Structures are given as structure tokens and as C-alpha cells.
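**Q** Fold the following for me, if possible:
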Amino acid sequence: MRGLVDPKDALFWLGTTDAMPTDQYFVFAFDAPVPEHAPSWDEVCAHIKTRSAAIPAFNKRLVESPSGVDYPVWVREEMSVEDCVTRLGAPDATWESCTGAIAEMLESTVDATVTPWQLHVAERVRGVPYATGTCTVVLVRFSHVLTDGLGGAALLRALFGRSPRPADVDVAADASTVTPHGIAFWLRACGQAGAKLIRLLPALVSVTGAGRRAAGLVARGDVVAPTPHPRLSVNRCAESDRRVAVIPVPENFTGSSEYTVTQLALTAVSLATEKLLRGRGENADSLTAMMPVAFGPDADWRGANRFATGMVSMGGGADDLAARAQTVRSSITAERRRLAIPDIVKQFRLVETVPWPILRRVLRRRQQADSGEVAANLVFTSVNCGDGDMELLGSPAVMVAGFPCLSETLGIGVGLYGIGSALTLGVLTAPNAVSADDGYVEMLESALHDVAGMVAPSRPGR
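**A** Residues are numbered from 1 along each chain as shown. Okay, here's the model as predicted:
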């Protein structure tokens with residue numbers, strides 16, 4: 001059926017709640033050196049209305065199948081700007097108060113059955129990083145069932161790009177023109193669920209074989225499988241309450257001859273987080289980051305979220321910065337290699353054959369399970385939003401920031417986001433994992449400075 005949500009995308013829909021959102025977040029700053037030239041609220045709304053009307057992903061919503069028998073369906077529906085665009089705090093605010101307003105917005109989830117996207121606009125914000133004047137700050141929230149970070153960046157280029165590219169406009173475009181209802185849709189949903197159930201046993205047999213072959217690779221030392229780790233004090237997350245910070249990344253991160261900016265940023269996060277944990281008397285030697293690893297365009301992978309989750313060793317306990325950075329680099333490389341192995345990808349795709357009622361039941365049981373071990377200690381993501389050719393009614397985009405979503409066992413999320421040459425670390429924390437008195441943001445700023453001092457200048461790299 002056209003518009004049927006892929007089971008791997010549906011996992012985000014099943015997992016999101018107001019208390020623990022799985023959404024993704026972008027913050028853009030559009031600079032107006034002359035305050036009088038900043039766009040007004042009405043002008044911004046008019047621009048969003050015109051641009052969004054031409055972007056299919058912005059004109060659909062999620063509809064559950066009759067009786068919940070099959071997966072939800074994306075249905076084409078023209079979205080109203082009044083439903084999707086709201087003010088973010090009061091005009092003429094400081095950047096500090098603006099980030100406070102952003103944090104409050106991240107305490108609830110986007111309801112994709114109403115709209116899978118929301119924009120929140122703050123007018124004439126002062127003191128924004130990388131800006132020379134006052135800024136129009138735009139917080140964009142996407143339901144993760146709609147697309148992944150790279151897809152979200154593409155949709156925002158379509159919304160704010162000076163010359164939108166067709167490939168960006170068409171991201172996550174699939175949708176049905178008919179709303180599921182009535183006996184005919186119910187019978188079709190039952191048939192599709194039955195077909196999945198029939199395919200489930202052969203898929204299990206195939207995945208079992210793939211698992212054995214992947215285990216053989218691990219036994220031979222060709223790949224390293226992730227292992228669970230003891231919980232640390234940052235492996236907890238209070239419901240709803242959130243804090244955010246945005247830290248500019250030193251310019252010379254893009255000039256390393258040995259490391260990408262992702263590797264350098266994660267090295268700085270490692271250094272700061274280890275300092276935080278050791279200050280609490282905890283052992284941080286096994287510090288691990290959960291990080292999305294994107295699949296290439298030719299990968300055999302269905303769904304809008306084209307990534308698998310990697311587990312990256314952060315070099316905790318390393319003697320010096322170079323050794324820590326080398327561990328991070330080696331671990332990222334190894335995880336990307338592991339997650340490109342067809343037999344491992346096949347195991348991720350098993351969910352495609354699981355009927356919707358079974359998947360819901362299994363996921364709820366997993367959410368209720370409690371364990372003394374965790375897969376990672378924080379979540380880290382890296383998104384390049386493009387070359388900077390974006391503007392809002394004449395005000396150029398000078399900064400982007402983003403935050404990965406948290407979970408019950410992950411109370412720190414750090415996002416490396418970039419537009420043009422401007423890079424930021426977006427930090428999202430739960431206060432029971434990192435309190436305001438811990439000084440974690442200052443630790444990150446200091447760690448970025450230390451890592452910048454290690455960088456040997458050469459050609460740009462990412």
C-alpha cells in the first residue's frame with residue numbers, strides 16, 4: 001500500500017512519548033546585521049507557507065490503520081501554517097533566554113498524526129554565536145518516523161535554500177491520497193499482516209544463518225562486536241525536564257590532516273565526559289558513545305531512516321589526547337565497516353517481516369525490562385547541513401545546531417552540526433544525569449580548546 005510506514009521507521013513512532021520524545025531537532029540562526037531589516041513574523045509565516053506547500057514531506061500526516069492491524073500510513077494532507085508554526089518566546093530576547101525556551105519545547109513530542117514537523121520562531125535574538133547582528137532563530141522539530149538527520153537537513157535546505165534542489169524537495173515524499181477507513185481497508189490490513197506472518201519464519205531462518213556467519217567474523221577477529229557496559233551516573237534520564245547549550249567549535253577542526261571533525265569533536269566529548277565522571281569517583285575507561293552510522297545511497301535498506309546504530313569506544317583512560325583521538329578514529333572506522341557487512345544488515349532488517357501487533361507487544365516488553373548494563377553512556381550525532389547557501393528573506397543562515405534525542409538510559413546527547421564553515425556542538429542533558437552545578441558545558445568548551453591545540457593544519461577534512 002502506498003504510504004505504508006516502514007517497520008524500521010515505525011520503531012520511532014512506537015517509542016516516542018511526551019515524557020521521552022524520539023524527535024530530532026535543528027536550530028537555525030538567520031542574521032540581520034541591520035535590525036530593521038530582520039523579517040517580521042508575518043513575513044516569516046508567509047515564506048514558510050509558500051515554500052512548505054511545494055514540499056511533499058511537509059504536507060502529510062500519519063494515520064493508524066483500522067483496528068491497529070497493520071502499520072500506520074502516511075496520508076497526503078495540506079498542512080496549515082497556523083498548526084505548524086508558532087512563536088518561540090518573546091521578541092528581542094537574549095540568546096541565553098532563547099536556549100531556555102528551546103529546552104522547554106524539547107520536553108514534549110511531535111504528534112505525527114497531526115503534523116510530522118513544527119517550526120518555532122524567535123524574533124530579533126541578541127548574542128547568537130557566529131552572528132553580527134540580531135537573529136531570527138528557528139527551532140525545527142521533526143518526528144523521527146518521517147526521516148533521519150540527513151533527510152531533515154535536506155528538507156530544511158528545501159525550505160530555506162536560495163535555490164532548492166529537487167532531490168532535497170523530494171525527501172520523504174511518499175504518501176497515500178486516501179485515508180484508511182472502512183471494511184475494505186481493514187481486510188487489506190489483515191491480509192498484509194497475514195502475509196508478513198507467513199514470511200516471518202523463512203526470515204528467521206535466513207537471519208539465523210546470517211547471525212552464524214557474522215559470529216564467525218567476530219570469532220576470527222575480522223570485526224569487533226559491541227559489548228554491554230556497566231551503568232554510570234549519566235545513564236539515567238528524568239522525564240520531560242531538559243537543558244540545552246550550543247558551543248561554537250574551533251575553526252581549525254576542519255584543517256586536520258589526520259582526523260575528521262567528527263573524530264575530533266567526539267574526542268573532546270570523551271575528554272569532558274571522563275572528567276565529569278572521574279569527578280564523581282567513577283571509572284570511565286569503557287566510555288562508549290551511541291552514534292548513527294548512515295547507509296550509502298546504494299545500500300539495500302528500505303525506510304526513511306537510513307542508518308544503523310553504532311557503538312564507538314571513546315578512548316576513556318587514554319594517556320594523552322593523541323591516543324584518545326586514535327582510539328575514537330579506529331572505533332568509528334571499525335563500526336562503519338561492521339555495519340556495512342550484508343549479514344549484519346540482514347539482521348537489522350528482520351523487523352520488516354514482523355506484523356505490527358507483534359512488534360508493538362515485543363517493544364513494550366523491552367521498554368519495561370531493566371538491566372544493570374547499557375550499550376552506551378551517551379549519544380552523539382554528526383550532521384552536515386550543507387555549504388551555507390540558505391537564507392530567510394535576505395537574512396543568511398550563519399549557524400545551525402542540533403541535538404540527538406535522549407532515552408531512559410542516556411542522559412547526555414551531543415550533536416555536531418555544521419553549515420558552511422560554522423560548526424557547533426549542541427548539548428542536550430537531563431538534569432538528573434548532569435546538573436547545572438556540574439560545569440559540563442565549561443568542561444566541553446575547555447576540551448574543545450585542548451583538542452584544537454592538537455590539530456596539525458593541512459587540507460580541509462570532514
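
**Q** and V374, what is it in contact with?
**A** P228, H229, P230, R231, N235, T409, L410 (Cβ atoms under 8 Å, 6 or more residues apart in numbering). For every residue, glycine as well, the C-beta is placed using N, CA and C.

**Q** rerun at 7 Å
**A** Each residue near V374 by Cβ atoms under 7 Å, 6 or more residues apart in numbering is listed here: P228, H229, R231, N235, T409.

**Q** neighbours of the last one, just the number please.
**A** When neighbours are defined as other Cβ atoms under 10 Å, T409 has 20 of them.

**Q** next one: the second one
**A** The number of residues packed near H229 is 17, by other Cβ under 10 Å.

**Q** In strands only, show me the contacts of V374.
**A** Of these, the ones assigned to strands by DSSP state E are H229.

**Q** which one of the contacts of V374 sits closest to F28?
**A** T409 (30.2 Å; Cβ to Cβ).

**Q** quick one: the closest one from L378, how far?
**A** To L378, T409 is 10 Å away according to Cβ to Cβ, to the nearest Å.

**Q** hang on, L14 in a strand?
**A** No: using DSSP: H, G, I helix; E, B strand; the rest coil, the secondary structure at L14 is helix, not a strand.

**Q** My guess is it contacts R360. True?
**A** Yes: the criterion here is Cβ atoms under 7 Å, and L14 meets it with R360 at 6.1 Å.

**Q** Mind checking which of those two has more residues around it?
**A** L14 (18 against 15).

**Q** Can you give me every residue that contacts that one?
**A** Taking Cβ under 7 Å, 6+ apart, we find L14 in contact with R360, L363.

**Q** One more pass at 10 Å, please.
**A** L14 makes contact with P7, T22, P72, V145, W356, L359, R360, V362, L363, R364, Q367, according to Cβ atoms under 10 Å, 6 or more residues apart in numbering.

**Q** same thing with L217?
**A** V223, V224, A225, R338, I341, D343, I344.

**Q** hang on, the earlier thing: overlap in contacts, T409 and L378.
**A** Counting by Cβ under 10 Å, 6+ apart, the residues touching both T409 and L378 are L232, V234, N235, M290, A433.

**Q** Report all helices and strands that the helix or strand hosting A167 contacts.
**A** Here A167 sits within helix 166-169, counting by DSSP states H and E. On a contact count with 3 or more Cβ pairs under 10 Å, 6 or more residues apart in numbering; DSSP states H and E, helix 166-169 meets helix 149-160.

**Q** remind me, longest helix of this protein?
**A** helix 182-219 (DSSP state H).

**Q** For the stretch 101-250 of the chain, give me the ranges with low pLDDT.
**A** 180, 182, 184 (pLDDT under 70).

**Q** So what does V451 look like in phi/psi?
**A** Backbone torsions for V451, taken as degrees, to the nearest 10, come to phi -70, psi -40.

**Q** residues touching D438, list them.
**A** By Cβ under 10 Å, 6+ apart, the neighbours of D438 are V234, L276, G279, R280, T429, P431.

**Q** and those, which are buried?
**A** Buried subset of the contacts of D438 (neighbour count, 16 or more other Cβ atoms under 10 Å): V234, L276, T429.

**Q** Please determine how far the last one is located from R236.
**A** Spelled out, that is T429. Note on T429: its distance to R236, by Cβ to Cβ, is 11 Å.

**Q** which neighbours do those two share?
**A** Joint contacts of T429 and R236 (Cβ under 10 Å, 6+ apart) are L406, G411.

**Q** what's near enough to touch the residue of the chain most remote from its centre?
**A** Distance from the centre of the chain peaks at I183, with 37.9 Å (Cα atoms, centre = their mean). Contacts for I183 (Cβ under 10 Å, 6+ apart) come out as P66.

**Q** how close does it get to Q192?
**A** 15 Å.

**Q** try H229
**A** Taking Cβ to Cβ, one finds H229 at 39 Å from Q192.

**Q** Could you do A289 as well?
**A** According to Cβ to Cβ, A289 stands 38 Å off from Q192.

**Q** The residue lying closest to D389 once chain neighbours are set aside: how many residues sit nearby?
**A** Distances taken as Cβ to Cβ, 6 or more residues apart in numbering put R162 closest to D389, at 5.2 Å, once the chain neighbours are dropped. Neighbour count for R162, taken as other Cβ under 10 Å: 10.

**Q** Contact partners for R162?
**A** Shown in contact with R162 (Cβ under 10 Å, 6+ apart): D389, M390, E391, P396, A397.

**Q** and the longest helix of the chain, which residues are buried?
**A** Those would be 185-186, 188-190, 192-193, 196, 200, 203, 206-207, 210, 214, 217, for helix 182-219 by 16+ other Cβ under 10 Å.

**Q** Report the distance from that helix to the chain centre.
**A** Here the centre of helix 182-219 is set off from its chain's centre by 27 Å, with Cα atoms, centre = their mean, to the nearest Å.

**Q** now stretch 126-146
**A** The answer for stretch 126-146 is 16 Å, by Cα atoms, centre = their mean.
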